[in-house]
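>>> Structure, please.
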Amino acid sequence: MYVHFAEEDNTTYYLALHQMTDNPFHLLEDHSKDSSILNLASGILSDEQFYIIFLFIFFTSQLINICAIIANILSIAVFVKLGFLEPSNISLITLALCDFTLAVLFTWNNLCIWLTYHNVRLPFHGENVTFLTGGAQSAFLSCTVAWITAFISFERCLCILVPLKVRRLITPRGTSLAMLIIILLTFCPSFSIYIRYKFVWVFNQYLNITILNTIPDNSEFAILFEKISIVIFGVTKPFLAFSIVLICTMLLVVQLRKISSWRMSVTSAKTQPVVIEQNPAASSSAVEVRISQKEERLVRMVVAIASVFIVSYIPTCILLLCYVVFDDFNQFGVYKRLFIVSGYIVSLGQPIGGSVNILIYYKMASKFRSVFRRLVRLDRQEQERRELE
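A predicted model of the protein is given here:
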């Protein structure tokens, strides 16, 4: 960071106007564009319409984010108590950690934007600084969540299709390494945004204060680097992860139906009870059936998690397509107001998914349910209630 005095800088003058005006959405207007285009953009969403939508989405989003934070804290605590001997626990706790961080980033983004729009004097430019300290990171972290979900789905797919070969590879150490690689390749590139945008201290002569702001690096290298990063990390990788989750989920559903049909045929074919103690072959078969039933429950849980992810991530895919197709549909373009509203609506999906996952774990994983009940003392409360009765 460095100090930048810009008494005649357009940004400083622009900030001063924003602080002095009664219109909290003055910051959303881009005065560098043609006025006719601005009128067209303003006609899509008026100040009153935008404000009503913003209020509703803000409070709804904050409530969902708080629920997601609490739910993922509980999930992390349960998985820690379960231990990391099971590879699935490692991937699921990593997913919970990412969902928790994502909810925190969304909460920070919402709070800063809310204070900025209500003319609260902050020591930084709320919108621009938030973009570099939470907005970009949350976008990349969404990609991390997508790839972790893709890994979980793909791993379950392989366990059903080629169980003997995969079980040698799916180990706690291998899963931990896979999680580390996914984070390095998806979330860490978010810091590349600082190549295009820099933090600066700007003196505002109208308010007589120095605030933290950002300026873009308009060099050819920085612009080209940003475009390549958006195409690779913002569009290609999320779509690829989404496709993997979708394909693997479809394969898992097909396999589950085959397993269910096979169980029904085996059950209907049984005409006499089998004494397991006197028949070692039957005992071995019973063990295989028991293991497959346990595996089936885990697969059903993964299908449920993947299904929630698919439903919550479809709006993000649509927004990414619009971001790529329409040049002015971004946080700095003419349709900035519409982009912000769309972004807020889309951002509701992922915290909802992070909140719902704990219900899936509780419903479908008996060990998780048992540890969770002990953690929140539900078993003790139920026992005390029975003793009172």
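>>> just for the stretch 251-389 of the chain, where's the confidence low?
For the stretch 251-389 of the chain, applying pLDDT under 70 flags the ranges 262-263, 266-294, 330-332, 378-389.
>>> show me where it has helices.
Assigned by DSSP state H, counting those that start in this stretch, the stretch 251-389 of the chain shows helices spanning 280-325, 336-347, 349-364, 366-375, 378-388.
>>> Same check on the stretch 1-150 of the chain?
With DSSP H, counting those that start in this stretch as the criterion, the stretch 1-150 of the chain has helices spanning 10-20, 35-44, 47-82, 87-117, 126-130, 136-161.
>>> on contacts alone, who are the packing partners of the last one?
Going back to what we said before, that points to helix 136-161. Applying 3 or more CB pairs under 8 Å, 6 or more residues apart in numbering; DSSP states H and E, one finds that helix 136-161 contacts helix 87-117, helix 163-169, helix 172-186, helix 237-269, helix 280-325. Using the backbone N, CA and C atoms, a C-beta is placed for each residue, glycine as well.
>>> Just the buried residues of the third one, please?
Put plainly, it is helix 172-186. By 16 or more other CB atoms under 10 Å, the buried positions in helix 172-186 come out as 175, 178-179, 182-183, 186.
>>> could I get those residues as JSON lines with distance to residue 367 and pLDDT?
Compiled in JSON lines, the buried residues of helix 172-186 are given as follows (distance: CB to CB, whole Å; pLDDT from 0 to 100):
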{"residue": "175", "distance to residue 367": "17", "pLDDT": "91"}
{"residue": "178", "distance to residue 367": "22", "pLDDT": "92"}
{"residue": "179", "distance to residue 367": "20", "pLDDT": "93"}
{"residue": "182", "distance to residue 367": "25", "pLDDT": "93"}
{"residue": "183", "distance to residue 367": "26", "pLDDT": "91"}
{"residue": "186", "distance to residue 367": "29", "pLDDT": "87"}
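>>> any chance of the residues you listed in a markdown table, plus distance to residue 73?
As requested, the buried residues of helix 172-186 are exported to a markdown table (distance: CB to CB, whole Å):
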| residue | distance to residue 73 |
| --- | --- |
| 175 | 22 |
| 178 | 24 |
| 179 | 19 |
| 182 | 22 |
| 183 | 20 |
| 186 | 23 |
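>>> Out of those, which comes closest to residue 374?
Nearest to residue 374 out of those is residue 175 (CB to CB; 25.4 Å).
>>> okay, now the residue nearest to the closest one when sequence neighbours are not counted: neighbour count?
Setting aside the residues directly before and after it, residue 175 is nearest to residue 87 in space (CB to CB, 6 or more residues apart in numbering), at 4.0 Å. By other CB atoms under 10 Å, the residues close to residue 87 number 21.
>>> Nearest to residue 368, out of the helices of the stretch 1-150 of the chain?
Of all those, helix 47-82 sits nearest to residue 368, with 5.7 Å by CB to CB.
>>> sorry, back to before: make TSV from the helices of the stretch 251-389 of the chain and add mean neighbour count and distance to residue 148 to it.
Below are those laid out as TSV (neighbours: other CB atoms under 10 Å; distance: least, CB to CB, whole Å):
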stretch	mean neighbour count	distance to residue 148
helix 280-325	16	10
helix 336-347	20	18
helix 349-364	20	12
helix 366-375	15	18
helix 378-388	10	29
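>>> Nearest to residue 144 among those helices would be which one?
Between these, helix 349-364 lies closest to residue 144; by CB to CB that is 11.2 Å.
>>> Quick one: residues in contact with the closest one.
Residues outside helix 349-364 that contact it (CB atoms under 8 Å, 6 or more residues apart in numbering): 61, 64-65, 67-68, 71-72, 74-75, 78, 92, 95-96, 99-100, 102-103, 106, 142, 145, 297, 300-301, 304-305, 308-309, 311-316, 368-369, 372.
>>> and if we set it to 7 Å?
64-65, 67-68, 71-72, 74-75, 99, 102-103, 106, 142, 145, 297, 300-301, 304-305, 308-309, 312-313, 315-316, 368-369, 372 (CB atoms under 7 Å, 6 or more residues apart in numbering).
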